[in-house]
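Participant: can you look at this prediction? I've put the sequence above it.
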Amino acid sequence: MDNVGIYTPPKPAQPAGDASGAFAADLSTDELEVTSSAQEKLHEIISQTDEDVSSIRIYISGGGCGGLSYGMTFTDDQSPYDTALDFGDFKILVDVVALNYLRGAQIDYIQEVGRERFVFNNVFAETGGSGVCGGCGSAGGGCA
């Protein structure tokens, strides 16, 4: 996986008053869809790594002319403000900040002649935006 980077999780905000039940740690497929081809490839990648990890974090980084960048990295560090989508053999973790930009998106894995990549489709479906995945330097939502 070429687009593996270092992730620094956000510091948890202190909830005002009693926030019990206000935060749901389970991520639903309505919030973030991962196609079966993406699930298969993520499982393959995580099972082939030499690292002892069982989760993949999806993160965003800001700015530039292409807008936000999307990426993935291995992790086992789950913060109290992460949401998780559990696939049994591995989990996808998304912090609440990234989830606000990814809500309603679909992650797909596409194999074309000479090129394989993860694609973030429908990014900003609810909030509007470009959906460009700049983490790998390509425009149009594709990640290598």
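Facilitator: Nice, thanks for sending it over.
Participant: hey, which helix or strand in this protein has the poorest pLDDT?
Facilitator: Of all the helices and strands that make up the chain, the one with the lowest confidence by mean pLDDT, DSSP states H and E is strand 142-143; it has a mean of 44.
Participant: can you pull out the strands in the chain?
Facilitator: Assigned by DSSP state E, the chain shows strands spanning 32-34, 55-61, 69-75, 82-86, 91-95, 105-112, 115-121, 142-143.
Participant: in TSV, list the ones you listed along with distance to His43.
Facilitator: Using the backbone N, CA and C atoms, a C-beta is placed for each residue, glycine as well. Formatted as TSV, the strands of the chain follow (distance: least, Cβ to Cβ, whole Å):
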stretch	distance to His43
strand 32-34	11
strand 55-61	10
strand 69-75	13
strand 82-86	12
strand 91-95	11
strand 105-112	11
strand 115-121	13
strand 142-143	17
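Participant: can you list those strands in JSON lines and add distance to Glu40 and mean neighbour count?
Facilitator: As requested, these are exported to JSON lines (distance: least, Cβ to Cβ, whole Å; neighbours: other Cβ atoms under 10 Å):
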{"stretch": "strand 32-34", "distance to Glu40": "10", "mean neighbour count": "19"}
{"stretch": "strand 55-61", "distance to Glu40": "13", "mean neighbour count": "21"}
{"stretch": "strand 69-75", "distance to Glu40": "15", "mean neighbour count": "21"}
{"stretch": "strand 82-86", "distance to Glu40": "15", "mean neighbour count": "18"}
{"stretch": "strand 91-95", "distance to Glu40": "14", "mean neighbour count": "22"}
{"stretch": "strand 105-112", "distance to Glu40": "7", "mean neighbour count": "17"}
{"stretch": "strand 115-121", "distance to Glu40": "12", "mean neighbour count": "18"}
{"stretch": "strand 142-143", "distance to Glu40": "16", "mean neighbour count": "20"}
